[in-house]
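**Q** Give me a 3D structure for the following:
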Amino acid sequence: MQSTFPFTAIIGQESLKTALVLSAIDQHLGGLLICGPRGCGKSTAARSLADLLQSNHHFVNLPLGASEDRVIGTIDAQKILDKGEVKFSPGLLHKANQGMLYVDEVNLLPDHLIDILLDVSASGTNYVERDGLSHQHDAIFILVGTMNPDEGELRPQILDRFGLMVELSGPASIEERIQITTQRITFDNDPALFCSNHQTQQQTLSDKIARAKSTLSSVRLSETSTINIATLCHDAQVEGIRADITLTRAAIAYASFSGDSEVTEHHIDTVKNFVLCHRRQHTAPPSSAPSSAPSPSTSSTADTEPNQSPNNNSAAENQSTEKQGQWGELAPQSIESSAEVSFKTSTKHPSISALKKNSREPQN
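**A** Next up is the predicted model:
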């Protein structure tokens, strides 16, 4: 069996690791979207978490070319006609139950498929209807989607339905690059030994996540924390209250993971960007009225050059203006008088031409 890189051996990407742990503690958060460039460890982190939760055999990778029937499953209508029994052919959602559904480049999937994934992830149940027949089954899984913004964006309506989102970047320093490379080469040379060296840390984290899941419902949420969450969402100008609900769930999950019995401002501040970064409305600031005060570039030269008089400044400005020319001004041109203007009479409309001529002639 191929070894999986240990979750606790991942260097850096603290925000990604925290968001993944929150998704494992409360699977009703609505899925995690990881946005970042290629090669920053998105799939490695997701697979490592699935292995940590001992659900690696339920780690399902949804291919880009998957059809709707492949995802949700199908009902064999011919079987009903032949034998009078309903036969359901399970899809990838059935296979991902009690595990993780990983969707690489989710922004390249058809929108209706993304809607199905998000609906099932939020409800925990997959409904299949075909030809007047229906079937349903449990589909409780951690939904993790990744995307590279260089390859296309998701519509705001789809973005809003992802509970959490993390924006990644490359290694922050040369030292971090060296550590990551060293860790990976050590793992590739002897995966069994590398995983054995991290077994204690893996088990400690796994137990901590399990305790957080069991104490999730006992975490208290004060009125002050509720007001704080509502204020953050209001200031971010988010649409609807999905952000409020998700931020509340995420703060409770993080408090439970931290071993606290009540949500505090620290818990909210830690998780707020996961919830608001893809929902925040960026409105342009109102344009300010032009000020009558001179700008630094047009202030009096006497302030910066005390040896030059104001009259010299005006002369210098006039000289500069003459060199650059007067934009928007034209030299005066002579206009012919009405007596000098010759008119042609139209053969088709002589009366109109005559009127124009008469209108240009001076009145006696």
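**Q** what residues are up against residue 58?
**A** 50, 95, 96, 97, 98, 99, 100, 141 (Cβ atoms under 8 Å, 6 or more residues apart in numbering). C-betas here are computed from N, CA, C, even on glycine.
**Q** Quick check: the gap between it and residue 21.
**A** Distance, residue 58 to residue 21, by Cβ to Cβ, to the nearest Å: 18 Å.
**Q** do residue 271 as well
**A** According to Cβ to Cβ, residue 271 and residue 21 sit 11 Å apart.
**Q** Quick check: phi and psi at the spatially most central residue of the chain.
**A** A centroid search over the chain (Cα atoms, centre = their mean) returns residue 278, at 4.0 Å, as the residue closest to the centre. Summarising the backbone geometry of residue 278 under the convention degrees, to the nearest 10, its torsions are phi -100, psi 0.
**Q** Not counting sequence-adjacent ones, nearest residue to residue 268?
**A** Nearest non-adjacent residue to residue 268, counting by Cβ to Cβ, 6 or more residues apart in numbering: residue 251, 4.8 Å away.
**Q** how about low-confidence regions in the chain?
**A** When residues are selected by pLDDT under 70, those of the chain lie in 1, 55-57, 77-82, 84, 282-364.
**Q** can you redo the contacts of residue 58 as a markdown table with secondary structure?
**A** Formatted as a markdown table, the entries for the contacts of residue 58 read as follows, by DSSP: H, G, I helix; E, B strand; the rest coil:
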| residue | secondary structure |
| --- | --- |
| 50 | helix |
| 95 | helix |
| 96 | coil |
| 97 | coil |
| 98 | coil |
| 99 | strand |
| 100 | strand |
| 141 | strand |
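**Q** Now the buried members of those residues.
**A** For the contacts of residue 58, a neighbour count by 16 or more other Cβ atoms under 10 Å gives the buried set as 50, 95, 96, 97, 99, 100, 141.
**Q** List the buried residues for the helix or strand harbouring residue 232?
**A** Residue 232 is part of helix 223-235 when elements are defined by DSSP states H and E. Neighbour counts over helix 223-235 (16+ other Cβ under 10 Å) mark 225, 228, 229, 232, 233 as buried.
**Q** for those, which one is nearest residue 240?
**A** Using Cβ to Cβ, residue 233 is the member of the buried residues of helix 223-235 that lies nearest residue 240, at 9.4 Å.
**Q** tell me the contacts of the closest one?
**A** When contacts are counted by Cβ under 8 Å, 6+ apart, residue 233 touches 241, 243, 244, 247, 276.
**Q** Out of these, grab the one that's most surrounded.
**A** Of all these, the most densely surrounded is residue 247 (26 neighbours; neighbours counted as other Cβ atoms under 10 Å).
**Q** Which element, helix or strand, includes that one?
**A** helix 242-257.
**Q** just residue 66 next, same as before
**A** Using DSSP H and E, residue 66 sits in no helix or strand.
**Q** so what's it up against?
**A** Contacts of residue 66 were listed using Cβ under 8 Å, 6+ apart, and they are 92, 113.
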